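Engineer: build me a structure from this.
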Amino acid sequence: MKKYNTLKLFICILIATFAVMGCGGGDDLTKYTKIVTFKSAEKAPRDFDSWSFFWQSPTSDSDSKLEYVVLNPDGKIYIQKSFSGSGMTTPGVRNRLDFKKDYAGGDPKLFLRKEVNFSFRAQKGDIVFDQNGLYYFKFFKGGFEGTEVAVMDAVSDQVKKPTR
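Structural biologist: Predicted structure coming up:
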């Protein structure tokens, strides 16, 4: 009987812990004041081993904490990185972020024939992207210097026109 009560107590503590802390793997979106997501206009190609996202730095509050995040198709974080205080925070600067296996994020094959969602988040203030900026994805086979497999626009609610 005593073992049963101990097990019951352990299970209750475990349930209470998950209720307070969450089950893990989630992302607390309430800490962000603004999220802007760029989505690939089409599904990623069938065969590629690396990809790049091209974008122009947004205007944001000078003391804002900025980050970018890419989610796997299953909703888990592929990569999340802060870029506050870097050259990427100067409005209008053109940037390129590269992703390949064992480099950043993990295996790009997770995105084969899936949409890619690339989000920018601010923990304070606003993020405003230039309507005339260039925002697009490139997919490669044989690394970044290999064959260009596909180029596609990155679409967003904030940037209303095709960008290439």
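Engineer: mind listing what's buried in the strand ranked longest in the chain?
Structural biologist: Across the chain, the longest stretch assigned as strand under DSSP state E is strand 147-155. Going by neighbour count (16 or more other C-beta atoms under 10 Å), the buried part of strand 147-155 is 149-150, 152-155. C-beta coordinates here come from the backbone N, C-alpha and C atoms, glycine included.
Engineer: which pair of those spans the longest distance?
Structural biologist: Maximum pairwise distance among the buried residues of strand 147-155 (C-beta to C-beta): 19.4 Å, between 149 and 155.
Engineer: where does the prediction get shaky in this structure?
Structural biologist: For the chain, the stretches flagged by pLDDT under 70 are 1-27, 160-164.
Engineer: which residues in it form helices?
Structural biologist: Along the chain, counting by DSSP state H, helices occupy 2-21.
Engineer: the residue lying closest to residue 65 once chain neighbours are set aside: neighbouring residues, count only.
Structural biologist: Leaving aside its sequence neighbours, residue 65 sits nearest to residue 123 (C-beta to C-beta, 6 or more residues apart in numbering; 4.1 Å). Neighbour count of residue 123, defined by other C-beta atoms under 10 Å: 16.
Engineer: quick one on the thing from earlier: contacts for the longest strand of the chain next, please.
Structural biologist: 38-42, 44-45, 47-48, 53, 55, 118, 135-141, 162-164 (C-beta atoms under 8 Å, 6 or more residues apart in numbering).
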